[in-house]
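Q: sequence plus predicted model, see below.
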Amino acid sequence: MKRFFFGLVIGGALGLVAGASAMLFVYPFIFLNNIVADEKLANAEMPQRASGTFIHANPSDPVHYGMGKVSVYDDTVRLEPDFVVGPGPKYKVLLHTGQSIRTTNDIHAAGYVDLGPLRAFQGSQNYRIPADVKASDFQSVVIWCEAFDVLISPADLAVK
C-alpha cells in the first residue's frame, strides 16, 4: 500500500512538471504564434529618428530569436510589419542605452526604459515612449523575456 501511494505522489509530481512545461513551451507555439499585429503609425508624417534590425543574438539557441526592422520616432518605437520573434511568456520591449546588446548581462549593465509587454510575436506594433524620455538617448531596442530573464532579440539603432 505504501508503494502505491509513493508511486501516486511521484507520478503526480512528474505530471505537474510535464504539464507546466507544456504550458510554457508548447502553448505559445500552438495558439499564440498565429496572432499577427497590424498596427498603423498614428502620425505618418513624423520624422524617423533612428532605425535598426533585430538579430538572432545567440545562433546556438534555436528558441530565442528575432528578425525584422524597428523604427524610432520622437514618441514611438515601431516594430515594422516584417517583425518576427520566437514565442514565449512575458516578453517585454525595452528601449536601451547600450549598443551591441548580445547577452542578458548586457541588458542589466546599462539603463533601459520598459515600453511594455510585447503584444504579438509578429507584425507591426507601436509602443509609446514616455513624455519624459528622450529617444535620442537610446542606442538599442531589445526584446527580453522577463519570466526567465533571457535576451530574445536586440536591434542596434542607427541615427537617421
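A: Yes, it's here. Numbers count the residues shown, from 1 in each chain.
Q: where do the helices sit along the protein?
A: 2-25, 27, 104-109 (DSSP state H).
Q: deepest of the ones you listed, which one?
A: helix 104-109 (a mean of 14; mean count of other C-beta atoms under 10 Å). In short, each C-beta sits where N, CA and C put it, glycine included.
Q: got a list of contacts for that helix?
A: If you take C-beta atoms under 8 Å, 6 or more residues apart in numbering as the criterion, helix 104-109 is touched by 94, 96, 98, 100-101, 142, 144, 149-151.
Q: 6 Å - rerun?
A: Outside of helix 104-109, the residues within contact range by C-beta atoms under 6 Å, 6 or more residues apart in numbering are 144, 149-151.
Q: with stretch 125-134 instead?
A: By C-beta under 6 Å, 6+ apart, the surrounding residues in contact with stretch 125-134 are 37, 39, 75-79, 93, 113, 115, 119, 135.
Q: can I get those in JSON lines with distance to I10, pLDDT and neighbour count?
A: What follows is the contacts of stretch 125-134, written out as JSON lines (distance: C-beta to C-beta, whole Å; pLDDT from 0 to 100; neighbours: other C-beta atoms under 10 Å):
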{"residue": "A37", "distance to I10": "43", "pLDDT": "66", "neighbour count": "16"}
{"residue": "E39", "distance to I10": "48", "pLDDT": "71", "neighbour count": "15"}
{"residue": "D75", "distance to I10": "55", "pLDDT": "93", "neighbour count": "17"}
{"residue": "T76", "distance to I10": "52", "pLDDT": "95", "neighbour count": "19"}
{"residue": "V77", "distance to I10": "48", "pLDDT": "96", "neighbour count": "25"}
{"residue": "R78", "distance to I10": "51", "pLDDT": "96", "neighbour count": "23"}
{"residue": "L79", "distance to I10": "45", "pLDDT": "97", "neighbour count": "29"}
{"residue": "V93", "distance to I10": "41", "pLDDT": "98", "neighbour count": "20"}
{"residue": "V113", "distance to I10": "46", "pLDDT": "96", "neighbour count": "18"}
{"residue": "L115", "distance to I10": "44", "pLDDT": "97", "neighbour count": "20"}
{"residue": "R119", "distance to I10": "40", "pLDDT": "93", "neighbour count": "15"}
{"residue": "A135", "distance to I10": "54", "pLDDT": "91", "neighbour count": "17"}
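Q: residues contacting the residue nearest the centre of the chain?
A: For the chain, the residue whose C-alpha lies nearest the mean C-alpha position (C-alpha atoms, centre = their mean) is I143; its distance is 3.0 Å. Contact analysis of I143 by C-beta under 6 Å, 6+ apart lists 66, 85, 91, 152-153.
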